[in-house]
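# What follows is a predicted protein model with its sequence.
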Amino acid sequence: MTGLFEFLGLGASAELLSLSGWGGNLLRGLANSLQIAFGAFGLGLVIGLFGAYGKLYGGKVTRDLLAIYTTVIRAVPELVLILILYYVGSDIINKVSEGLGGGRVEINGVAAGIWVLGVVQGAYATEVLRGAINAVPAGQIEAAKSYGMPGLMIMRRVTIPAMMSFAVPGLANLWLIATKDTALLAVVGFNELTLETRQAASSTRAYFTFFLAAGFLYLMVTLCSGAVFARVEKWARRGQPSLKGGTS
Amino acid sequence: MKLRALLAAATAAAALSAGAAAAEQVKIGIAAEPYPPFASLDSAGNWVGWEVEVINAVCAAAELDCVITPVAWDGIIPSLTGQQIDAIMASMSITEERLKTIDFSDPYYNTPAVIVADKSMDIEATPESLAGKIVGIQASTIHQAYAQEYFKDTELKVYQTQDEANQDLFAGRIDATQADSIAMADFVNSDTGGCCEIKGAVADDPAILGRGVGAGVRKGDDALREALNKGIAAILADGTHEKITAKYFTTSIY
Amino acid sequence: MTGLKELMQPHRIAMMLVFAALVIWCAVSLRWDWIPQYAPLALEGLWATIWILAVSTFLGFLLAVPLGLAQAVGPWYLSIPARTFCTIIRGTPLLLQIWLLYYGLGSLFPQFPWIRSSELWPYLRQAWPYAVLALTLSYAGYEGEVMRGAFSGVAKGQLEAAKSFGMPRFTMFRRIWLPQAVRNVLPTLGGETILQLKATPLVATITVVEIYAVSSRVRADTFIVYEPLLLLALVYMAIAGVIALVFRRLERG
């Protein structure tokens, strides 16, 4: 066993990975990654919610525009989208701000990361939520309408709670994609976990130690999220009969 | 409730991305990769090295409030023109090609380009000697431009960072690499660099290799360029430049 | 073709006009003069993208079949490793896997001088074997999970019927189980292959020259940012469209 450790260059791993050493950097990177993943997931949900509503109830033009948005985003590699959105995003914000007579706008890395990944997530979330809303029995929404509930209230009180159980599995998947996609921000030089890992690895030449450690951290995030989402799904399904043998 | 939370998240995200227009902070872009001895990360996550100290000294002398901002090297010029950063101080040589897109301050150091290869390899820094070999170079550098121009019969492997090229030289995946002599001197003295030695400097071509390393600024940003020039002149005059250099190198690199 | 009639609605015509105007604006006011110079390189890159995609998808699928089978019906000593493999592949970013394979393995070579004199060395020193390996494993990991569901989904009665005919187990697998499972996964296979296409640019980070790397090269050489990226996005959309069409054909056929 120790032979294998030496073989992979993992001999001094414990020392290298200590919190006062590079381990601290890795954890900082992880915190950055999670922060962006949360933000992007949230932004994606908001875009997805409006996107799904637009696709289902919007006018013709809205529907076509949304179709273009989801098709394009889902056909172009995230890496390419990230580069385009990264450069375009700050360009547009600055042009608008200058056009309005304001000064140059400061864009921090986290916000840029959230914006970029959020737009990507939004396209997928649109599809997930559209499917979920479709699965809500139309009668429930009609009943709410006949009570004279305003649109937003129907959304808040009826549609969203009722669709949750259908949406959770898809959203869980999206969240996992969000956490893994943060790694792509390494390519634009953002200090998330993957870039921190590579910096640590190339500074110490202990490639296996750091890449395996980072892999372990990502895996932990995945497994913990899986457990959390299982509970959320149970919660979202409360009061519903088991789906097995159901019509869905 | 849910909707309100979502809306709150949305406005928070919007507020984040809009941000407040910062005061007179100058973002100095450096490459987000270890480039010892000029800029590398220590285990506490701080950027250290000759260039980092020079940046701080120049900013202090020019009375600028600078923040060091790591950016991916191959996107560093778009980041400057796209206003994510205000200046580039990342060992970037002043070349004709780059001057078409951005402006440069006066140079603050100078280093020739060298070829590094395995000690056992019989290689010289000439196109003839490198013919048929695999040479690793970093993307978007003067070395890439030079190699593409002169090493016609050589297979070129393009890396995102010089550090990756060094790693592959160590692994034996490339036969040689072309890079700055000072960074390479540091590399061949390191543990992994022990495999290799500097085989010599390539024939100079100022049009491609440029005239020293300067701070890149956006075209027309003359105020910042002047301020940086003032700072560079000041640290050259008062001995700060020399003092920092002495900490890292045995000879002058200006 | 009902498609044409659908396209000819007033708002769609208006949108197409706007789009055409946008394209013309792009063609006129953006810089495209770099295209002739880089066209040969771009074609080479496009070819690299396509063959890496094809090879890794094919090999990945071959690997996914036993992975799915092991998880669906295998004994524990096969199903646990298979499940662990799929979990690890799906739980970590592909970029990290690619770097681990390329730079991690690369860092081991100098410790073993004999590797460099072995017959495998000409391959080991290049980047594409690592790219193909990483993408193959990744595809196998995701598709193995899909295949597990597909194998479990084949109706038990059919297998029992085959058994009662006295069909040998392998024939049964080849003639009944596998074809049905593959037909079950075909609709998702197209989507997975497009996802795989979207993963290919990551191999540019380990010096493989594919279409994304070519666009980076244009950006690096000329400092033109948007134009190569926009063209690149179009190229990927076109490839994704072709993949979708091919799989639709396969599904019907």
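Nice, thanks for sending it over. The shown structure was predicted, so the numbers you read here are calculated from the model rather than taken from an experiment.
# Any stretches of the stretch 101-250 of chain B with poor pLDDT?
Nowhere does the stretch 101-250 of chain B drop to pLDDT under 70.
# Residues of it that sit close to chain A?
Residues of the stretch 101-250 of chain B lying close to chain A (Cβ under 8 Å from any Cβ of the partner chain) are B:Q160, B:T161, B:D163, B:E164, B:Q167, B:D191, B:T192. Where C-beta positions appear, they are placed from N, C-alpha and C, glycine not excepted.
# closest point of the stretch 51-200 of chain B to chain A, which residue?
B:A72 (3.3 Å; Cβ to the nearest Cβ).
# coming back round to it: got a quick ChimeraX command for the buried subset of the residues of the stretch 101-250 of chain B next to chain A?
In ChimeraX syntax, the buried subset of these is picked out as below (16 or more other Cβ atoms under 10 Å in any protein chain shown):
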select /B:160,161,163,164,167,192
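# And the furthest pair within the residues of the stretch 101-250 of chain B next to chain A?
B:Q160 and B:D191 (22.5 Å; Cβ to Cβ).
# which ones are touching C:L22?
If you count contacts by Cβ atoms under 8 Å, 6 or more residues apart in numbering or on different chains, C:L22 has none.
# before we move on, which element is it in?
helix C:10-29 (DSSP states H and E).
# for that helix, the distance to its chain's centre please.
Distance of helix C:10-29 from the chain centroid (Cα atoms, centre = their mean, to the nearest Å) equals 32 Å.
# go on, stretch B:145-159?
19 Å.
# Give me the buried positions along that stretch.
Buried-residue list, stretch B:145-159, by 16+ other Cβ under 10 Å: B:A145, B:Y146, B:A147, B:Q148, B:Y150, B:F151, B:T154, B:L156, B:K157, B:V158, B:Y159.
# one step back: narrow the residues of the stretch 101-250 of chain B next to chain A to those in helices?
Among those, the ones falling in helices (DSSP state H) are B:D163, B:E164, B:Q167.
# which one among those residues gets closest to A:T194?
Nearest member of those to A:T194, counting by Cβ to Cβ, is B:E164, at 14.1 Å.
# contacting residues for that closest one?
Counting by Cβ under 8 Å, 6+ apart, B:E164 has contacts A:S202, C:Y103, C:T207.
# which among these gets closest to B:S43?
A:S202 (13.0 Å).
# roughly how far apart are the closest one and B:M184?
Going from A:S202 to B:M184 by Cβ to Cβ, to the nearest Å gives 16 Å.
# residues near the residue of the stretch 51-200 of chain B closest to chain A, how many?
24 (other Cβ atoms under 10 Å in any protein chain shown).
# Wait, it touches A:V188, no?
Yes: B:A72 lies in contact with A:V188 (Cβ atoms under 8 Å); the separation is 5.2 Å.
# Mind listing the shared neighbours of the two?
Common neighbours of B:A72 and A:V188 (Cβ under 8 Å, 6+ apart) do not exist.
# how about stretch A:15-26: buried residues?
A:L16, A:L17, A:G21, A:W22, A:G23, A:G24, A:N25, A:L26.
# Which ones among those lie within helices?
Using DSSP H, the buried residues of stretch A:15-26 in helices are A:L16, A:L17, A:W22, A:G23, A:G24, A:N25, A:L26.
# List just the nearest of the residues you listed to B:I28.
A:N25 (21.2 Å).
# give the contact list for the closest one.
Here A:N25 is in contact with A:E196, A:Q199, A:A200, B:L41, B:S43, B:A44, B:G45 (Cβ under 8 Å, 6+ apart).
# Of the residues you listed, select the buried ones using a ChimeraX command.
Selection of buried members from these for ChimeraX, criterion 16+ other Cβ under 10 Å:
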select /A:196,199,200 /B:41,43
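# Same list, the contacts of A:N25, but as a markdown table with secondary structure, pLDDT and distance to chain C please.
Output for those, formatted as a markdown table (DSSP: H, G, I helix; E, B strand; the rest coil; pLDDT from 0 to 100; distance: Cβ to the nearest Cβ, whole Å):
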| residue | secondary structure | pLDDT | distance to chain C |
| --- | --- | --- | --- |
| A:E196 | helix | 91 | 12 |
| A:Q199 | helix | 88 | 12 |
| A:A200 | helix | 89 | 12 |
| B:L41 | strand | 89 | 17 |
| B:S43 | coil | 82 | 19 |
| B:A44 | coil | 84 | 23 |
| B:G45 | coil | 83 | 20 |
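# Please name the residues that touch B:W73.
A:G189, B:A31, B:A32, B:E33, B:A90, B:Q138, B:A139, B:S140, B:Q160, B:T161.
# How many residues are close by the first one?
Think A:G189. Neighbours around A:G189, by other Cβ under 10 Å: 25.
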